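In: Just need the structure, nothing else, for what follows:
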Amino acid sequence: INSNMFKPLNLCCFISMIGYYFGKYCDHSIVVKIVKCFIFSSFIIGISIFNNTFRGADWKNASGYLYTAKNSAAMIFLIAIIMVLIYLKDLKKVIVIPLIIFLSTLIIMLKSRATIVCLLFVILYIIIFYVKKPMLKIILITIFISLIVFVFLNNNAYDFFINKIILNNRGSDDLTVITSGRDEHFDKFIEMFPKYFLFGTSGTYLESFPLVSLLSYGFFIGLLLIIYTFVPMICVLREMKYDFTDKMLKHLILAINIVMIINGLFEELTPLGPGVKCFVMWLLFGIYVGNLKRESKVDTSGKN
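Out: This is a model prediction of the structure:
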């Protein structure tokens, strides 16, 4: 009860329950409206952050983070990008490309390294699982790999993306500085976990969701908590072969769950929190399960 995880866990369960009962009565068009609301809200937040934090500031050469809630904001923008890419046919094409460029630029300006890594995974996920034409898929993968290679081979690109963005102008060989102290958290886990293997410490701060779960609650309960965060992915993959559920919603939940789990390797509470950045996944998952409950009552012959 005293751990930082107790409140976010209960909030996510509650929001999933709301989504479940709502999902019994909503269809694809309602989900699209929810997606549009989230994208529009993310755009408004992005405009606000840009005007109040980055406009006129030398963000490239700053050695500190100009926006303190960078990880939460960057993840919100990333989820909005995922929604735009998956729901392309339901959105106005004229605003799609500028919106993706704007939100991606904000993620880079925020210098949220975990989210930047997740953004690369999102691009790969969309190319591999969402692009249908084999030739287009090959072309996009080739472009993606070429850009990665270009960053490491070109001095100017390397200086901008690696030194200024990823390393945040720290220019240090000290692992603690580069990882923002996360290596010390790992060492702390290695030191403490054998002593609290069974029951845990009941609450210890570590910047890694799997590590803090195991250390705070012990191996067995911590493992159950980790497995719980994979439940949306497991449910979607298990039902992927069925056509009676919303395929776009499946891809959306799967993509968000993957990036949340990756982000959780570097954050204490993700994919449970903190705040609104994680709630949308659990809401959509609840809606999906509600949809599944409703649609599964109808068999392939159309009879109840």
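In: neighbours of A62, just the number please.
Out: Using other CB atoms under 10 Å, the number of residues around A62 comes to 14. For the C-beta atoms, the positions are set from N, CA and C on the backbone; glycine is no exception.
In: Excluding chain neighbours, what is closest to it?
Out: Setting aside the residues directly before and after it, A62 is nearest to N169 in space (CB to CB, 6 or more residues apart in numbering), at 6.9 Å.
In: in what helix or strand does the one you found lie?
Out: Counting by DSSP states H and E, no helix or strand carries N169.
In: So which residues of the stretch 1-150 of the chain form helices?
Out: Across the stretch 1-150 of the chain, reading from the start of the chain, the helices by DSSP state H, counting those that start in this stretch fall at 6-23, 28-49, 70-86, 93-110, 113-125, 134-153.
In: Pick the most deeply packed of these.
Out: helix 70-86 (a mean of 24; mean count of other CB atoms under 10 Å).
In: Could you check the angle that helix makes with helix 93-110?
Out: Relative orientation of helix 70-86 versus helix 93-110 (axes from the mean of the first three to the mean of the last three CA atoms, to 10 degrees): 160 degrees.
In: Restricting to C-alpha, output helix 70-86 in CSV.
Out: As requested, the backbone C-alpha atoms of helix 70-86 are provided in CSV (Å, rounded to 0.1, in the frame of the first residue of the first chain):
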residue,chain,number,x,y,z
LYS,A,70,9.6,15.4,-20.6
ASN,A,71,9.0,11.7,-20.4
SER,A,72,5.3,11.9,-19.8
ALA,A,73,4.8,14.6,-22.5
ALA,A,74,7.0,12.7,-25.0
MET,A,75,5.0,9.5,-24.5
ILE,A,76,1.7,11.3,-25.0
PHE,A,77,3.0,12.6,-28.3
LEU,A,78,4.3,9.2,-29.3
ILE,A,79,0.9,7.6,-28.7
ALA,A,80,-0.7,10.3,-30.8
ILE,A,81,1.7,9.5,-33.6
ILE,A,82,0.8,5.8,-33.3
MET,A,83,-2.9,6.7,-33.5
VAL,A,84,-2.3,8.9,-36.6
LEU,A,85,-0.3,6.1,-38.4
ILE,A,86,-2.9,3.4,-37.6
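In: Figure out how far that helix is from the centre of its chain.
Out: Going by CA atoms, centre = their mean, to the nearest Å, the spacing between the C-alpha centre of helix 70-86 and its chain's C-alpha centre is 7 Å.
In: if I pick the nearest residue to F161 once chain neighbours are set aside, what's in contact with it?
Out: With CB to CB, 6+ apart as the criterion, F161 has its nearest non-adjacent residue at 5.1 Å, and that residue is V151. V151 is in contact with A157, Y158, F161, I162, counting by CB atoms under 8 Å, 6 or more residues apart in numbering.
In: and the gap between the second one and V151?
Out: In other words, Y158. Using CB to CB, to the nearest Å, one gets 6 Å for the distance from Y158 to V151.
In: ok so, going back, and the helices of the stretch 1-150 of the chain, which one is worst for confidence?
Out: Mean pLDDT is lowest for helix 113-125 out of the helices of the stretch 1-150 of the chain, coming in at a mean of 85.
In: Quick check: which helices or strands does it pack against?
Out: Under the contact definition 3 or more CB pairs under 8 Å, 6 or more residues apart in numbering; DSSP states H and E, helix 113-125 sits against helix 70-86, helix 93-110, helix 134-153, helix 247-264.
In: rerun at 6 Å
Out: Contact partners of helix 113-125 among helices and strands, from 3 or more CB pairs under 6 Å, 6 or more residues apart in numbering; DSSP states H and E: helix 70-86, helix 247-264.
In: Figure out how far stretch 190-210 is from the centre of its chain.
Out: Per CA atoms, centre = their mean, the centroid offset for stretch 190-210 relative to its chain is 24 Å.
In: same check, this time on stretch 228-236
Out: Here stretch 228-236 shows a centroid-to-chain-centroid distance of 14 Å under the convention CA atoms, centre = their mean.
In: Name the residues of that stretch that are buried.
Out: Within stretch 228-236, the residues that count as buried by 16 or more other CB atoms under 10 Å are T229, P232, M233, C235, V236.
In: shouldn't the second one be in contact with F285?
Out: When you say that, I think you mean P232. Yes - using CB atoms under 6 Å, P232 and F285 qualify as a contacting pair, with a distance of 4.2 Å.
In: Which residues are in contact with each of the two?
Out: Any residue near both P232 and F285 by CB atoms under 6 Å, 6 or more residues apart in numbering counts here, and that gives I253.
In: tell me the pLDDT at T179?
Out: pLDDT recorded at T179 is 69.
In: secondary structure class for the closest residue to P8 other than its chain neighbours?
Out: Once flanking residues are discounted, P8 sits nearest to G273: 3.1 Å by CB to CB, 6+ apart. At G273, secondary structure determined by DSSP: H, G, I helix; E, B strand; the rest coil is coil.
In: Many thanks, I have nothing further to ask.
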